[in-house]
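Colleague: when you get a sec, could you give me coordinates for this:
(one chain, ligands or ions: 2)
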Amino acid sequence: TRSTRPQRLLHAVQKNATRGDPRSVINAIDQFCRHKEWAMNVGDEKGCILDSVVSEVNPSTVLELGTYCGYSTVRIARLLPPGAKFITLEFNPKVAKIARQVIAWAGLEDKIQLVEGASGDLIPKMKEQFGVETFDLVFLDHWKDRYLPDTKLMEECGLLKKGSILLADNVICPGTPDYLEYIRNSPRYKSQYFKSHLEYTKVEDGLEKSVFLG
Ligand SMILES: CNc1ncnc2c1ncn2[C@@H]1O[C@H](/C=C/CNC(=O)c2cc(-c3ccc(F)cc3)cc(O)c2O)[C@@H](O)[C@H]1O
Ligand SMILES: [Mg+2]
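Modeller: Numbers count the residues shown, from 1 in each chain. Ligands and ions are numbered 1, 2, ... in the order given. All right, here's what the predicted structure looks like:
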């Protein structure tokens, strides 16, 4: 049977990237998605904005919602200080299997805890099951209609503290209108829009960075 897009992306990494070299894994995926087959990774342009936010926050605890093939997971993990706790959630087991191999090829498996399951089920268990108090940084990149409910859930579960940063992909394309409306009008957040483009295209998209004010 025909391979899946995540499988073809993994093969491109194994063929073109150097084991243990996260930068080469990132480049191999970007080359493949730009020239061979588009895939919904945050990509190189928005990826640079992601890098600058991660470097600025220098987080001890990070949560990623929606691992997919692990592209942004590798981008984030390569910048984290030793001892940082990075949890990424993926509910599709086939996709999680690919992501584990991409992460292993980059040599970053010791910095990343990929948990298979749905964010709605796992967020309430973060404290008891994963020993997390609060997250310094959350990267939202899963189903777009889940950004808002999961943000409210993280608030309710006390997973955000004063200064926690939410960074949301795709706030323009495909778009997350209810999330944007909430986060930009809530007195509990200070938001900033980083204009960019949909990965590997000229279509407008952007990242929304929001600081939780407590
Ligand atoms: C709801 N809770 C959840 N808990 C755990 N994992 C979840 C999840 N929701 C989704 N996932 C997983 O995240 C991934 C889903 C990501 C959704 N992303 C998008 O739809 C997306 C879509 C586009 C896109 C843009 C334009 C276009 F024409 C077509 C697609 C661009 C992006 O950057 C995107 O992030 C999958 O691997 C899925 O299994
Ligand atoms: Mg995305």
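
Colleague: when you work out contacts or count neighbours from here on, use the C-alpha atoms and nothing else.
Modeller: OK.

Colleague: what residues sit buried inside stretch 187-198?
Modeller: Tyr189, Lys190, Ser191, Phe194, Ser196, His197, Leu198 (16 or more other C-alpha atoms under 10 Å).

Colleague: of these, which is the nearest to ligand 2?
Modeller: Set against ligand 2, the nearest of those by C-alpha to the ion is Leu198 (8.4 Å).

Colleague: dump the buried residues of stretch 187-198 into JSON lines; add distance to ligand 1 as well.
Modeller: Below are these laid out as JSON lines (distance: C-alpha to the nearest ligand atom, whole Å):
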{"residue": "Tyr189", "distance to ligand 1": "22"}
{"residue": "Lys190", "distance to ligand 1": "23"}
{"residue": "Ser191", "distance to ligand 1": "20"}
{"residue": "Phe194", "distance to ligand 1": "14"}
{"residue": "Ser196", "distance to ligand 1": "12"}
{"residue": "His197", "distance to ligand 1": "10"}
{"residue": "Leu198", "distance to ligand 1": "7"}
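
Colleague: which ones among those residues map onto strands?
Modeller: Taking DSSP state E as the definition of strands, the buried residues of stretch 187-198 contribute Tyr189, Lys190, Ser191, Phe194, Ser196, His197.

Colleague: pLDDT value on the third one, please?
Modeller: To tie it back to what came earlier, the one meant is Ser191. pLDDT for Ser191: 98.

Colleague: picking that back up, want to throw the buried residues of stretch 187-198 into TSV with distance to ligand 2?
Modeller: Listed next are the buried residues of stretch 187-198 as TSV, based on distance: C-alpha to the ion, whole Å:
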residue	distance to ligand 2
Tyr189	22
Lys190	22
Ser191	18
Phe194	14
Ser196	12
His197	11
Leu198	8
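
Colleague: okay, now the closest residue to His142 other than its chain neighbours: neighbour count?
Modeller: Among residues not flanking His142 along the chain, Gly66 sits closest, at 4.2 Å (C-alpha to C-alpha, 6 or more residues apart in numbering). Residues near Gly66, counting by other C-alpha atoms under 10 Å, number 23.

Colleague: quick one, what contacts Gly66?
Modeller: Going by C-alpha atoms under 8 Å, 6 or more residues apart in numbering, Gly66 touches Thr88, Leu89, Glu90, Phe91, Leu140, Asp141, His142, Trp143.

Colleague: let's go with 10 Å and repeat that
Modeller: 72-73, 88-92, 96, 117-119, 139-143 (C-alpha atoms under 10 Å, 6 or more residues apart in numbering).

Colleague: which of the residues you listed are buried, as a PyMOL select command?
Modeller: Buried members of those, defined by 16+ other C-alpha under 10 Å, are picked up in PyMOL with:
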select buried, resi 72+73+88+89+90+91+96+117+119+139+140+141+142
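
Colleague: in helices, which of the contacts of Gly66 fall?
Modeller: Counted as lying in helices by DSSP state H, out of those, are Ser72, Thr73, Ala96, Ser119.

Colleague: surely the last one touches Phe91?
Modeller: Okay, so that is Ser119. Yes. The criterion here is C-alpha atoms under 10 Å, and Ser119 meets it with Phe91 at 8.0 Å.

Colleague: now the helix or strand of the chain with the lowest mean pLDDT: buried residues?
Modeller: When each helix and strand of the chain is scored by mean pLDDT, DSSP states H and E, helix 126-130 comes last, with a mean of 96. Buried positions in helix 126-130, judged by neighbour count with 16+ other C-alpha under 10 Å: Met126.
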